[in-house]
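1. What shape does this take:
(chains A and B)
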Amino acid sequence: MAHDVPAGTGDLYLDLVEAIGEDRVTAGGGARHLYSRDSSIIEGGHSGPVCFPDSTSQVSACVRVALAHGRDFVPRGAGTGLSGGAVPCNDPVVIATTRMNRILEVDQERRIAWVEPGVVNLDLTRHLVGTGLHFAPDPSSQQACTIGGNLANNSGGPHCLAYGVTSAHVAAIEVVLPDASVVTLGAEVGDGVGYDLRGAFVGGEGTLGIATRIAVRLTPDPPVVRTLLLDFGSIVDAAETVTGIIAAGIVPAALEMMDQKVIVAVEQFVNAGYPLEAAAVLIVELDGLPGGVEREVEIVETVAAQNSVGEVRVAADDAERDLIWKGRKNAFGAIAHIKPGYYLHDTVVPRTRLAEVVAKVNEAVERHDLIVMNVFHAGDGNLHPLLVFDPREPGTMERVHAAGEEIVRISLEAGGVLSGEHGIGLEKRGFMPLLYSPDDLAAQGSLRAAFDPLGHANPFKVLPTGASCGDVMGLAEVPEGVWV
Amino acid sequence: MQSFASEVGPSGPVCVVGGETRWGLGGESSAGTRTVRAPSGVESFDPSEMTVAVWAGTRLEELAAALMESRQEVALTGPSGSTVGGSLAVGWNSTRSLRVGAARDALLQAECVGAGGMVFKAGGPTVKNVSGYELCRLLVGSLGTLGLIGRVILRTRPLPERSLWLSGNLSPVEVSRFCYRPSSILWDGSSTHVCLEGYGTDVDAEATVLRDHGMLEIAGPPDLPPNRDRWTGVLPEGAILDVPLGVVHLGASVNPPDVDPGVRAIGERMKSNFDPDGRLNPGRDPYLVPA
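-> Model prediction:
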């Protein structure tokens, strides 16, 4: 491999090569540029050498070398994150886990699999086909994102409504701590001894260490699945249906909403037969044993009818079900051609206030002369307003920023929170004081410092600090292939 | 919260009392420690949101009765008389965890009094939230050593239409093969006790299969012995294994397992960062709880 070793990283680079091998480190300008971004709109990151360790001891060696040089380190999975969590600030050592992609062990009887962090989410589920088990977290990026990244972001996905987010599916984690030592947090059995450091670690956005082996819990495949597509003449009717379903005591496997702009864009892309005239559609998935599923289908149909539903389409077979989901999960690929730039937001509000909040968000974004589209996890109140724009038009990015801040404020005023699944990263650390008091943030800082007293693990992320991350926070066009 | 915070104050050793149903767990409270109680009462229950705001001093029975009006429940568990705060501080999961989920996944938001006497909030009110660090999960099972929980928002779940316990000689693995998602599987070394919950027709159908394999309906779960240990593959005489949790309920108390010094060091820094003077629940150590 040819090396274009930039000034200032020479000794660091050579020490990393000595530690893990020449073919596993790159300090070339091209790679450093590539690894200066994730899938967020944040640009301006600066990467130091990029390492591709393939074992726990190599991850530890990378951290040790970084510390010896007084450098920070930034863990990275597939780089599909949307909040800048993997954007490197001030030339840190980037430690990418993508080569650690082995499924180490599947214990079907105990429903546990040990995997390396670089295993792609969907690859694990594909590996399990035929066992009657699957890995429940299914972020829309699941064909690309890694389980290590899911763990770092406590990722969700449509089916976490009924099955819970990533944390509920992680039993134990082998971790390289920020001081390069290796520990195992959590256990495959028992309720836990001592503080729940496993629970604290999940969602740490790479600031608490690097997961190197993960014991995930596997979920039995449901015997019966029914997927319904409901169309509505107004977003209010769709939102009232969501509230009504939950109020009826049903927690569907998934409960997703798309507005008309998304429906039109997606239909052109996948030809799933989405109703183009509808103001909103809901995808409702019910699963479990046959009696309950049929009862719940009836209840959902009744609630929808009370809210002026148009057509109710029940997927006749797996192919139709896959088509409905294909539209939902590829929504952002479909939208990419509308304008060259887009910015995907992620907030959560009480699910009883969805209709009101979506209306306010739409009004606010349109007031800033931007296009807004909505495709989101309605069942748990997780909004994803998508702002579509052309960043080359002068003044656009200022309006995008202003509209984004309004979305956050509207969500918080409705009793919501900053993020449901994308995390805080760099994107929202400045908004943390809107949700948390200084004492709240100090408590979060105490948790972080217990794992990383020296502050070298992915600094600048999550918590607001006085320190600046180089010159990041510029907004760029979103790279190809972004999911929500 | 402010009056609870005033009662805790900024200095001097203080311990929080719940229902005292598992009082000695994790070590006896140090002598001379002042005691406080968190406020009690169900503040607001929103069935269509599936969340409930409740003060930590509320007894689990009182909370359950309030939720029952809308046929919902929470994942918290404890002996009769336990409080919400005590149940969270201990952090043990329900034997019906396969249905209701883990206790630590039920805690959405907690307002606590910290060691300095100030109030801090962990988490948020919504059912999904990744805004910052997972303080809530850290608090569950911490025996009140990082902060004294005053008020919480919990996730609720629908109660099952039907609930049925059966017992027989099928192995736990065989029961798992015959049933999609039973709520509980307990094993005493010879018999398996299984709880089927859900819609009536589904419970009946799975129960029929189990009866065909010799299992019989029982009134409820067997009495669980008072102590706990982590499952290591050998079931002591008279003990009962909670199969999905990997927790053994047994008569004799056991020593906690050795903890990796590296893991213990994080825990010690955690304690020292949250409570540098060691004033919150002195004498208590979560690492002395065996499972």
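
2. Between its first and last residues, how far does stretch A:135-144 reach?
-> Distance between the two ends of stretch A:135-144: 15 Å, counting by CA to CA, to the nearest Å.

3. Run the chain-centre distance for it.
-> Distance, stretch centre to chain centre, for stretch A:135-144: 9 Å (CA atoms, centre = their mean, to the nearest Å).

4. Next: stretch A:266-279.
-> 25 Å.

5. Dump it to PDB, restricted to CA.
-> What follows is stretch A:266-279 as a C-alpha-only set of coordinates in PDB (Å, rounded to 0.1, in the frame of the first residue of the first chain):
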ATOM      1  CA  VAL A 266     -41.700   6.300  -2.700                       C
ATOM      2  CA  GLU A 267     -44.300   5.000  -5.100                       C
ATOM      3  CA  GLN A 268     -42.300   6.200  -8.100                       C
ATOM      4  CA  PHE A 269     -39.300   4.300  -6.600                       C
ATOM      5  CA  VAL A 270     -40.800   0.900  -5.600                       C
ATOM      6  CA  ASN A 271     -44.300   0.600  -7.200                       C
ATOM      7  CA  ALA A 272     -45.700  -0.800  -4.100                       C
ATOM      8  CA  GLY A 273     -49.200   0.400  -4.900                       C
ATOM      9  CA  TYR A 274     -49.300   3.200  -2.300                       C
ATOM     10  CA  PRO A 275     -52.300   5.400  -2.600                       C
ATOM     11  CA  LEU A 276     -51.100   8.600  -4.200                       C
ATOM     12  CA  GLU A 277     -54.100  10.700  -3.300                       C
ATOM     13  CA  ALA A 278     -53.800   9.900   0.500                       C
ATOM     14  CA  ALA A 279     -52.700  12.700   2.800                       C
END
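
6. Backbone torsions only: list them for the residue located most distally from the centre of chain B.
-> Using CA atoms, centre = their mean, the residue of chain B lying farthest from its centre is residue B:212. It sits 34.5 Å away. Main-chain dihedrals, residue B:212, degrees, to the nearest 10: phi -60, psi -20.

7. any idea how far residue B:187 is from it?
-> Residue B:212 sits at a distance of 20 Å from residue B:187 (criterion: CB to CB, to the nearest Å). The way it works is simple: take the backbone N, C-alpha and C, and place the C-beta from them, glycine included.

8. again, but for residue A:181
-> Using CB to CB, we find residue A:181 at a distance of 37 Å from residue B:187.

9. Between these two, point out the one with more neighbours.
-> Set residue A:181 next to residue B:187 and count neighbours by other CB atoms under 10 Å in any protein chain shown: residue B:187 wins out with 20 against 16.

10. so the more buried one makes contact with residue B:244?
-> No - between residue B:187 and residue B:244 there is no contact, the gap being 10.7 Å when judged by CB atoms under 8 Å.

11. residue contacts, residue 279?
-> In the absence of a named chain, chain A is used. A:232, A:233, A:234, A:235, A:237, A:238, A:259, A:260 (CB atoms under 8 Å, 6 or more residues apart in numbering or on different chains).

12. wrong one, I was asking about chain B
-> B:11, B:12, B:13, B:14, B:115.

13. quick one, what contacts the first one?
-> It refers to residue B:11. B:117, B:277, B:279.

14. Same list (those) but as a markdown table, adding pLDDT, distance to residue A:158 and secondary structure.
-> Output for the contacts of residue B:11, formatted as a markdown table (pLDDT from 0 to 100; distance: CB to CB, whole Å; DSSP: H, G, I helix; E, B strand; the rest coil):
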| residue | pLDDT | distance to residue A:158 | secondary structure |
| --- | --- | --- | --- |
| B:117 | 98 | 43 | coil |
| B:277 | 97 | 47 | coil |
| B:279 | 98 | 45 | coil |
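
15. Output those residues as a markdown table; include the columns distance to residue B:266.
-> Below are those laid out as a markdown table (distance: CB to CB, whole Å):
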| residue | distance to residue B:266 |
| --- | --- |
| B:117 | 25 |
| B:277 | 20 |
| B:279 | 21 |
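
16. so which of the residues you listed comes closest to residue A:337?
-> Of all the contacts of residue B:11, residue B:117 has the smallest distance to residue A:337: 57.0 Å, by CB to CB.

17. Phi, psi for that closest one please.
-> Dihedral angles of residue B:117 (phi, psi; degrees, to the nearest 10) stand at phi 90, psi 0.
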